[in-house]
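In: this is a predicted model, with the sequence first.
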Amino acid sequence: YVIGPRVGRAPDLQQFAFLFDRDAVEVDRHQLYVVNDPDDLLRHEPLVAWFRVRGPSADQAFTFSLVNTRVDPDRLQPELDKLDDVYRAVLHDGRGEDDVLLLGDFGTDDKHLGQLGAMADLYAVLSQIPSDTERTRQLDNLLFERQATREFTGQGGCFDFLREYNLSLQEALEVSTHLPVWAEFSIHEGGIPGKVAGTQERIR
């Protein structure tokens, strides 16, 4: 795993992390950073990490930036309207990485993402699918520009661990109030049919 510093304002501090299979992907720990927010427009600044799939040669392996996000429900619309700027900042952070994936708790469904949702070609893995454990509303998602991230196979969804492991609702809520969102990608940069990275659940 890689983990970022505590962000936010006391007492509401959050700490974001990425959990991953080291046999499947590698992370550049020197390129882990928190998005710069000098004007304090986001209560919890997103954590960014850069990954590369293991297996193919370095020049052919799928590489991508993950942006771990949690929108403050008390400032939902203003923060959503800044996440398009976050996306562009990560896209143009000097690394030349075109595959930028925003993931986490957006506090709303894919039809109400404000200026973020107005970005051309923005794709949401979950569309009008509840992602909370009680299956009443959509909060979490995985977003990226479909034209840039051609490695996406079209397969994705919500992992309902309550039903998968035959848990009661109370037992499931003790694990999390959110269901993991997952998506499949080719292991090759640009995408090659038949070569798919593991269906790794995106657990925040």
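Out: Happy to help now that I have it. If you're wondering where the values come from, they're calculated on a predicted model, not measured in any experiment.
In: so which residues of the chain form strands?
Out: For the chain, the strands identified by DSSP state E occupy 2-9, 12-18, 25-27, 33-34, 47-53, 63-70, 100-105, 122-124, 140-145, 152-158, 181-185, 201-202, in order along the chain.
In: do you know which of the ones you listed lies nearest residue 40?
Out: Distances from residue 40 to each of the strands of the chain were compared using C-beta to C-beta; the minimum, 8.6 Å, belongs to strand 2-9. All C-beta spots, glycine's among them, are computed from the backbone N, C-alpha and C.
In: so what touches the closest one?
Out: Applying C-beta atoms under 8 Å, 6 or more residues apart in numbering, the contact partners of strand 2-9 are 13-18, 27, 29, 32, 34, 43-45, 47, 49, 68.
In: check stretch 67-78 too.
Out: Stretch 67-78 is contacted from outside by 4, 14, 16-18, 35, 41-44, 46-49, 79-80, 83, 86-87, 90, 100-108, 114, 204, using C-beta under 8 Å, 6+ apart.
In: for ChimeraX, what selects the buried ones among those?
Out: What follows is the ChimeraX syntax for the buried subset of the contacts of stretch 67-78, where burial is set by 16 or more other C-beta atoms under 10 Å:
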select :4,14,16,18,35,42,43,44,46,47,48,49,79,80,83,86,87,90,100,101,102,103,104,105,106,107,108,114,204
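In: which residues does the nearest residue to residue 178 once chain neighbours are set aside contact?
Out: Closest residue in space to residue 178, ignoring its immediate chain neighbours: residue 140 at 5.4 Å, by C-beta to C-beta, 6 or more residues apart in numbering. With contacts taken as C-beta under 8 Å, 6+ apart, residue 140 has the following neighbours: 103, 104, 105, 106, 126, 131, 178, 179, 181, 204.
In: again, but for residue 120
Out: Counting by C-beta under 8 Å, 6+ apart, residue 120 makes contact with residue 145.
In: the residue lying closest to residue 28 once chain neighbours are set aside - how many residues pack around it?
Out: Ranked by C-beta to C-beta, 6+ apart and with sequence neighbours excluded, the top spatial neighbour of residue 28 is residue 50, at 4.9 Å. When counting by other C-beta atoms under 10 Å, one arrives at 21 neighbours for residue 50.
In: report the beta-bridge partners for residue 50.
Out: Beta-bridge pairing of residue 50 under DSSP bridges involves residue 65.
In: pLDDT score for it?
Out: Residue-level confidence at residue 50 comes out at 97, pLDDT.
In: hmm, it is touching residue 26, no?
Out: No. Counting by C-beta atoms under 8 Å, residue 50 sits too far from residue 26 to count as a contact (9.7 Å).
In: what touches both of the two?
Out: In the contact map built from C-beta under 8 Å, 6+ apart, no residue is linked to both residue 50 and residue 26.
In: how long is stretch 1-17 from one end to the other?
Out: Using C-alpha to C-alpha, to the nearest Å, one end of stretch 1-17 lies 7 Å from the other.
In: and the closest residue to residue 177 other than its chain neighbours, its phi and psi?
Out: Taking C-beta to C-beta, 6+ apart, and ignoring the residues beside it in sequence, residue 177 has residue 133 as its nearest neighbour in space, at 5.3 Å. Reported as degrees, to the nearest 10, the phi and psi values for residue 133 are phi -60, psi -30.
In: great, nothing more from me.
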